[in-house]
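K.L.:
this one's sequence-less:
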């Protein structure tokens, strides 16, 4: 999962752009999650601060490479492309209320801008979003 404040970079802007470089991550744990992403992986796009909801699904189109916003070789970026908006955004309140998601990284480590989503959590979120079958 990747998080963005909608006033900084929203789902709508992402869709308009068609692709983006996910850069500027300066937390080691979040960086490690970026490095673990593989081309073709799908990730949830979460609006933080305003909205507090998962609003869409993106796909990794380029694996980790040096972050172009810094000369420090420790930091990486990935390229993402939008796949689809969720029919119903899934709010943080819904996730916190769902026992299937009690161990989710977003809930346990809410400050991370990039976090993993386990397969069972992915399926539960799709269900909450109104997506009954996956591709």
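P.N.:
Cool, got the structure. Being a predicted model, the structure only gives us computed values, none of them experimental.

K.L.:
just name the shakiest helix or strand of this structure by mean pLDDT.
P.N.:
For the chain, counting by mean pLDDT, DSSP states H and E, helix 105-108 ranks last in confidence among helices and strands (a mean of 92).

K.L.:
now for the longest helix that the chain contains, which elements pack on it?
P.N.:
Longest among the helix segments of the chain by residue count, using DSSP state H, is helix 119-129. Packing contacts for helix 119-129, counted by 3 or more C-beta pairs under 8 Å, 6 or more residues apart in numbering; DSSP states H and E, involve strand 76-91, helix 92-97. (Each C-beta comes from the backbone N, C-alpha and C, glycine too.)

K.L.:
please repeat the previous calculation with a cut-off of 6 Å.
P.N.:
Helix 119-129 is packed against strand 76-91, with contacts defined by 3 or more C-beta pairs under 6 Å, 6 or more residues apart in numbering; DSSP states H and E.

K.L.:
let's test this: mean pLDDT of the strand it packs on, rounded?
P.N.:
Averaging pLDDT along strand 76-91 yields 98.

K.L.:
between it and helix 119-129, how big is the angle?
P.N.:
Orientation of strand 76-91 against helix 119-129 (axes from the mean of the first three to the mean of the last three C-alpha atoms, to 10 degrees) gives an angle of 50 degrees.

K.L.:
list the buried ones in strand 76-91?
P.N.:
Across strand 76-91, burial judged by 16 or more other C-beta atoms under 10 Å covers 76-80, 82, 85-86, 89-91.

K.L.:
same question for stretch 38-58.
P.N.:
Neighbour count says stretch 38-58 has 42-48, 51-58 buried, by 16+ other C-beta under 10 Å.
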